[in-house]
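>>> Using only what follows, build the 3D model:
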Amino acid sequence: MPSPEYFQLVNEVKRDVTEIAPADLRQMIDAGEDFSLIDVREPDEWQQGTVPGAITIPRGVLELKIDQVTTDKDRKIVLYCAGGMRSALAAYMLQRMGYRKVLSMVGGYKGWRESQG
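Numbers count the residues shown, from 1 in each chain. Predicted coordinates:
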């Protein structure tokens, strides 16, 4: 189980990160919006499935590999993980790297699956 300090860090970071609901992501996909969707979970988690169209880059190497997805600091990027915490941390770090349109999906892949039911 994550430490209290981890939860505190995530809560602090979420103040500076824009979050969207799974329904918002569905609308973006259905509307044909142009954005990059990145699953920051670990490879063993991807076996549970991914959101259609997602690029898979583990959280631990996202900052290193983001340029393989885009170098456009104004490109809209949506991140998700299993439950919405790692994606918030990842969004915060991409913002620190200068990316201006980064979103984190609340509830992560679990929330996505539940919203599709």
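>>> Next secondary structure element downstream of the helix or strand harbouring residue 62?
Per DSSP states H and E: residue 62 is located in helix 62-65. Once helix 62-65 ends, the next helix or strand along the chain (criterion: DSSP H and E) is strand 77-80.
>>> Next one: the closest residue to residue 59 other than its chain neighbours, what pLDDT does it get?
Using C-beta to C-beta, 6 or more residues apart in numbering and skipping residues adjacent in sequence, the residue nearest residue 59 is residue 40, 4.1 Å away. (Each C-beta comes from the backbone N, C-alpha and C, glycine too.) The model reports residue 40 with a pLDDT of 98.
>>> ok so, going back, other residues contacting the helix holding residue 62?
Contacts to helix 62-65, defined as C-beta atoms under 8 Å, 6 or more residues apart in numbering, come from residues 38, 40, 57, 90, 93-94, 97.
>>> Could you rerun that using 6 Å?
40, 57, 90, 93 (C-beta atoms under 6 Å, 6 or more residues apart in numbering).
>>> you'd agree the last one is in a helix?
It refers to residue 93. Yes: counting by DSSP: H, G, I helix; E, B strand; the rest coil, residue 93 is found in a helix.
>>> gap between the closest residue to it other than its chain neighbours and residue 20?
Closest residue in space to residue 93, ignoring its immediate chain neighbours: residue 63 at 5.6 Å, by C-beta to C-beta, 6+ apart. Using C-beta to C-beta, to the nearest Å, residue 63 is found at 21 Å from residue 20.
>>> what's the answer for residue 9, then?
Counting by C-beta to C-beta, the gap from residue 9 to residue 20 is 21 Å.
>>> Same check on residue 113?
To residue 20, residue 113 is 16 Å away according to C-beta to C-beta.
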